[in-house]
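[1] Provided below are the primary sequence and the corresponding predicted coordinates.
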Amino acid sequence: MWTEENRPRYNRDHLRYPSDLTDEEWALVEPLIPPGKRGGGKRKVIMREVVNGVMYILSTGCPWRYLPKDLPPKSTVHDYFSLWEWDGALDRIHHELYVKCREKAEREASPTAAIIDSQSVKAAEKGGLAWTRTALMRAS
């Protein structure tokens with residue numbers, strides 16, 4: 001909630017880029033980053049900087065080639081982003097952060113209700129349930 005009391009928590013002026021993670025945000029994300037390959041040496045790149053690079057691209061919408069030079073090379077950031085997208089790590093990170101946000105707000109981790117605006121939902125053109133029953137009978 002935006003109050004004068006907690007406003008400093010949302011201030012990003014001290015960061016290099018507004019998309020960079022604060023120490024508090026990094027503490028939440030770091031344990032969710034997949035470990036390096038088994039048997040591989042120590043990573044040569046700082047993972048926080050890779051995540052900052054991904055956040056920069058996602059928040060600005062700019063092409064990869066416009067990634068600032070003080071972040072890891074675009075190929076490195078893109079390779080990690082592609083790997084995390086492919087192996088589902090981004091979905092897992094998103095889910096974990098979503099659950100933590102809901103719990104912090106003292107809400108259920110998974111919402112149990114949804115509201116659908118019937119004016120904006122297109123009705124089935126072919127008889128709904130009867131059509132489904134016919135399709136199931138044909139399939140069996």
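    The structure has been received and is ready for your questions.
[2] from now on I want contacts and neighbour counts done on CA atoms only, so please keep to that.
    Noted.
[3] quick one: low-confidence residue ranges for the protein.
    Applying pLDDT under 70 to the chain flags residues 1-2, 111-114, 118-140.
[4] how about 90 then?
    1-15, 22, 24-25, 34-44, 93-140 (pLDDT under 90).
[5] for the closest residue to Pro18 other than its chain neighbours, grab the count of nearby residues.
    Closest residue to Pro18 apart from its sequence neighbours, by C-alpha to C-alpha, 6 or more residues apart in numbering: Arg12 at 5.6 Å. Using other C-alpha atoms under 10 Å, Arg12 is surrounded by 14 other residues.
[6] ditto for Met47
    The tally of other residues near Met47 (other C-alpha under 10 Å) stands at 15.
[7] quick revisit: helix/strand/coil for the residue nearest to Pro18?
    coil (DSSP: H, G, I helix; E, B strand; the rest coil).
[8] Asp20 versus that one, what's the distance?
    8 Å (C-alpha to C-alpha, to the nearest Å).
[9] phi, psi of the spatially most central residue of the chain?
    Taking C-alpha atoms, centre = their mean, the centroid of the chain lies closest to His94, which sits 4.0 Å from it. Recorded main-chain torsions at His94 are phi -60, psi -50, according to degrees, to the nearest 10.
[10] in stretch 43-53, what's buried?
    In terms of neighbour count (16 or more other C-alpha atoms under 10 Å), stretch 43-53 has its buried residues at 48-53.
[11] could you do stretch 84-102 as well?
    By 16+ other C-alpha under 10 Å, the buried positions in stretch 84-102 come out as 84, 89-90, 93, 97.
[12] just those residues: which are in helices?
    Counted as lying in helices by DSSP state H, out of the buried residues of stretch 84-102, are 84, 89-90, 93, 97.
[13] surely Tyr56 touches Glu49?
    No. Judged on C-alpha atoms under 8 Å, Tyr56 makes no contact with Glu49 at a distance of 10.2 Å.
[14] common neighbours of these two, please.
    Here Tyr56 and Glu49 share no contacting residue, scored by C-alpha atoms under 8 Å, 6 or more residues apart in numbering.
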